[in-house]
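Trainee: Give me a model of this one.
(one chain, ligands or ions: 1)
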Amino acid sequence: MAHINENYLKLPGNYLFATIAKKVADFSQKNPNANIIRLGIGDVTRPLAPAVIEAMHKAVDEMGKAETFRGYGPEQGYEFLINKIIEWDYETRGIHLDTDEVFIGDGAKTDVACIQEIFDKNMTFAVADPVYPVYLDSNVMAGHTGEFIDLKGVYKDVVYLPCTEENGFKAEPPKDRIESMELKNCCFPVPANKKKEHVDLVYLCNPSNPTGTAMSKEELAAWISYAKETNAILLYDSAYESYITEPNIPHSIYEVEGAKDVAIEFRSYSKSAGFTGTRCSYVVVPKTVLAYTAKNNAISLNQFWNRRQCTCFNGTPYIIQRAAEAVYSEKGRNQCKADVDYYMENAHIIRDGLQAAGYTVYGATNSPYAWVKTPANMKSWDFFDLLLEKAHVVTTPGSGFGPHGEGFLRLTAFGTRENTIEAVHRIADLKLIK
Ligand code: PLP
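Mentor: Presented below is the predicted three-dimensional model:
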């Protein structure tokens, strides 16, 4: 008899975006004439850049001729793309990487969900609260957590890093707070005086989805010191790096000294170049990032991720990698930047418009997400329902990203300019803030 992976049963029944979709479907059925504006799901709306389309057409033609046809490519990705990544995303910021430290993937979701496979099943991990759900759920499925505690909305054996108004929504290294938490045994060698505060892996998303806030170089330096002191590894998701506008926010964690010893970085073309439906990403695993065997022998994680990819992945399609390469051409860079600028203008419209209407709004400065405080201590879902019913605007309830998201809504800047302006007017016109 086949037994299922019972860990899947720990996942709460309703996936956040499925619940939202159902509420919106029910509402539109009852109100067929309502002009609903969707500022909920973080999907882009602008078409691919012309330079990208041109490169894809060319690559499609190559695939149609015997002389230029490509079959399986390297599991790690083609060097033509890896070289462009190193040149444009890293060397321009003074970071040196070797070609075998970059792995092309088919989306950061796949990459961040799968990275946990190369770590011991008894490892402990920390996530921000609120958090991009994939970090958490992929670990739940792999059996790295205890049960879901319904009343608290958290899993046992996970270290949550509260991101609140008080700390500027910035995940802080787990120091004293951790002493009160029940931790499993650590899988890495940990100095005795650090045991209580230890986690093996820390997922950091910067700029953050969902709060839209971003950590500075100094704040990341504290994380790097923490990781070095305790032998932890930082899993750094930089999917929104292209939306950074402030100079003290690093685009790569490797801009911060020491990061190449402790951090793996994830990047995506989804939001920087509109690839949500095209699918391309990459992971940087410096050879200097080490983890330990049960006998405390250090092993380079680069070697392990390479092994994992060669076994489980047959590479991102050639056509798509040519498309990603075109993002780095002069035309590609200008066209993609114009799209990011367009979305950032929307973000400013949301931030400034709602602030003018009396709302407290965070994010939307280095990120396409605005994190809006609900009026009069309303619960996230109640405010979501109210905006759907009265303004016909779809948002995402903050509580869907973790208990500390309660009392907030996430609005995305990925809509059209007209819809963004209209949505802000409709919310402001409700005059919910006196
Ligand atoms: N990481 C974060 C923080 C995200 O918000 C998203 C998508 O919304 C992803 C990763 C997934 O990106 P991709 O489309 O490359 O799978």
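
Trainee: which residues does the residue in the stretch 301-434 of the chain that the ligand sits nearest to bridge with?
Mentor: The ligand sits closest to Y369 of the stretch 301-434 of the chain, with a gap of 8.7 Å, by Cβ to the nearest ligand atom. Using the backbone N, CA and C atoms, a C-beta is placed for each residue, glycine as well. Note on Y369: beta-bridge partners by DSSP bridges are T412.

Trainee: gap between it and A294?
Mentor: Y369 sits at a distance of 41 Å from A294 (criterion: Cβ to Cβ, to the nearest Å).

Trainee: Tell me the secondary structure at the closest residue to E172 other than its chain neighbours.
Mentor: Spatially, and ignoring its direct neighbours in sequence, E172 is nearest to L161 (6.4 Å; Cβ to Cβ, 6 or more residues apart in numbering). At L161 the chain is in strand, as set by DSSP: H, G, I helix; E, B strand; the rest coil.

Trainee: Please look at L161 and D129 and confirm they touch.
Mentor: Yes. L161 lies in contact with D129 (Cβ atoms under 8 Å); the separation is 6.3 Å.

Trainee: Tell me how far G107 lies from the ligand.
Mentor: To the ligand, G107 is 3 Å away according to Cβ to the nearest ligand atom, to the nearest Å.

Trainee: Quick check: what element follows the helix or strand hosting I350 along the chain?
Mentor: For I350, the host element (DSSP states H and E) is helix 330-356. Of the helices and strands lying after helix 330-356 in sequence (DSSP H and E), the nearest is strand 361-363.

Trainee: ok so, going back, which positions within the helix holding I350 qualify as buried?
Mentor: Residues 332-333, 335-336, 339-340, 343-344, 346-351, 353-354 are the ones in helix 330-356 that count as buried (16 or more other Cβ atoms under 10 Å).

Trainee: Could you do stretch 412-431 as well?
Mentor: T412, A413, F414, G415, N419, T420, E422, A423, V424, R426, I427, A428.

Trainee: got it, and stretch 392-407?
Mentor: So, applying 16+ other Cβ under 10 Å, buried residues of stretch 392-407: 392-402, 404-407.

Trainee: Where do the helices of the stretch 1-150 of the chain begin and end?
Mentor: Taking DSSP state H, counting those that start in this stretch, the helices of the stretch 1-150 of the chain run over residues 16-30, 50-63, 79-85, 108-114, 133-141.

Trainee: Where does S272 sit, in terms of helix or strand?
Mentor: Going by DSSP H and E, S272 is not in any helix or strand.

Trainee: Tally up the residues packed near it, please.
Mentor: Look at S272: counted by other Cβ atoms under 10 Å, it has 22 neighbours.

Trainee: T68 now?
Mentor: By other Cβ under 10 Å, neighbour count at T68 equals 12.

Trainee: Now it. Nearest residue, chain neighbours left out?
Mentor: That would be E62: by Cβ to Cβ, 6+ apart, it lies 3.8 Å from T68.

Trainee: residues contacting that neighbour?
Mentor: T68, F69, R70, Y318 (Cβ atoms under 8 Å, 6 or more residues apart in numbering).
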